[in-house]
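Visitor: sequence first, predicted model second:
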Amino acid sequence: MAQSLANFAGGGGVQQDYQWDPELSEDILQYFKEESDFRKFLKVLTVDSYVVNLPRKWSTGIAVEVVEGSEIPKQRDVFDVLSVNLRQNGTGIKMTDEEQDMMKFDKNYFQTEAKRAVERLLRKENQDCSLIFKAGAGHTITSANQTVKYDDVVRAKTYMRELPYGTDPDTIIMSPRSYSDLLLDPDFKNYSNSGITQVVTKGDVGQYIAGMRIVIIPEVGSDLFLFDSSIEFGYLVQKGQVHTEPYRLNATREDVLDLTFYEKPCVLRPDALLKLEIKRADGDVAKDFGGIGDDIGWDPLDAIDPEKT
């Protein structure tokens, strides 16, 4: 965590005179950079407007054999522009005078509450990214199983590699529930016992499956996502810094701190992202930390790959 976050209380953050630390906003973004799961895979783009147009292009077609003296056929890459509308996320802290008086014994009380607020912003970012991955994946495979199986992952990776302009996924994102499915799968146990011991969990060295590092993110729910991390297939667009606003509610004798931030994730290369759907049995739905749904108000441009599986 950034140093200033450690100073939220006792000389940092909101002090007794309620003057705000001007460096706190930058420290919150630094905390995002260090702790965010999705920022390890998405390119972060900072803009100064609420709407940004991102150009994107991808290749189609294949070279052909040509006869000496004949015209060589030309192929133009597919090109379009994705318009991204940033959305404002916000959370805050509200503490009464009585609460603060009761908590005087805890010098880190405000620090803890402020950290929780920042973590709420980060969880919202993870949820937004999960929604975009869910809607923006250019390929979808639905498992016939109600839990994640090793065979499902192998088939999904093979599908991506066999596409005409396929990629070679090296990363797979899944929830803790999906990971536990794998740990209980005899085929995965046999694979894990074959001498391959490196693993990736939350960006750190951890376990591999089918040559892909595993990254565990609770907010993705029941779906798994495969991609090649060397391809810039998505962006996280953000506007400036996190806005911090402390103020006093005299009528209710409360001190308030509001945190707001404009951002929006997007998928620029849907063809480079695959979603592996697991249709869990009723009553066995992976927790999604806030109800990740299907309606995100954004069209993932199905035209890029109309023949989704």
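Guide: Cool, got the structure.

Visitor: hey, let's count contacts and neighbours off CA atoms from now on
Guide: Will do.

Visitor: just the CA trace of the longest strand along the chain, in PDB.
Guide: The strand of greatest length in the chain, counted in residues with DSSP state E as the criterion, is given as strand 234-249. Only the C-alpha atoms of strand 234-249 are listed here, as PDB (Å, rounded to 0.1, in the frame of the first residue of the first chain):
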ATOM      1  CA  GLY A 234      -8.200  -4.300 -23.500                       C
ATOM      2  CA  TYR A 235      -7.900  -0.900 -21.900                       C
ATOM      3  CA  LEU A 236      -8.800   0.600 -18.600                       C
ATOM      4  CA  VAL A 237      -9.600   4.200 -19.300                       C
ATOM      5  CA  GLN A 238      -9.500   6.600 -16.300                       C
ATOM      6  CA  LYS A 239     -10.000  10.400 -16.000                       C
ATOM      7  CA  GLY A 240      -7.400  12.200 -13.900                       C
ATOM      8  CA  GLN A 241      -7.200  11.400 -10.200                       C
ATOM      9  CA  VAL A 242      -9.500  10.100  -7.500                       C
ATOM     10  CA  HIS A 243     -11.600  13.000  -6.300                       C
ATOM     11  CA  THR A 244     -11.500  13.300  -2.500                       C
ATOM     12  CA  GLU A 245     -13.900  15.600  -0.600                       C
ATOM     13  CA  PRO A 246     -14.100  15.800   3.200                       C
ATOM     14  CA  TYR A 247     -16.900  17.900   4.700                       C
ATOM     15  CA  ARG A 248     -19.000  18.400   7.800                       C
ATOM     16  CA  LEU A 249     -22.700  17.700   8.300                       C
END
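
Visitor: partner strands of it, parallel or antiparallel?
Guide: In the sheet containing strand 234-249, its partner strands are strand 43-47 (parallel), strand 254-267 (antiparallel), by DSSP bridges.

Visitor: mind listing what's buried along it?
Guide: Burial within strand 234-249, assessed by neighbour count using 16 or more other C-alpha atoms under 10 Å, is assigned to 234-242, 244, 246.

Visitor: now stretch 28-47
Guide: Of the residues in stretch 28-47, those buried (16+ other C-alpha under 10 Å) are 28-33, 35-39, 41-44.

Visitor: quick one: terminal-to-terminal distance for it?
Guide: Counting by C-alpha to C-alpha, to the nearest Å, the length from the leading to the trailing residue of stretch 28-47 is 17 Å.

Visitor: ok so, going back, among the buried residues of stretch 28-47, which are in helices?
Guide: Among those, the members falling in helices are 28-33, 35 (criterion: DSSP state H).

Visitor: got TSV for the residues you listed, with pLDDT and distance to residue 164 too?
Guide: Compiled in TSV, those are given as follows (pLDDT from 0 to 100; distance: C-alpha to C-alpha, whole Å):
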residue	pLDDT	distance to residue 164
28	85	43
29	83	39
30	86	40
31	87	40
32	87	37
33	85	35
35	88	36
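
Visitor: of those residues, closest to residue 253?
Guide: residue 28 (27.3 Å; C-alpha to C-alpha).

Visitor: list just the nearest of the ones in helices among the buried residues of stretch 28-47 to residue 255.
Guide: Using C-alpha to C-alpha, residue 28 is the member of those that sits closest to residue 255, with 20.4 Å.
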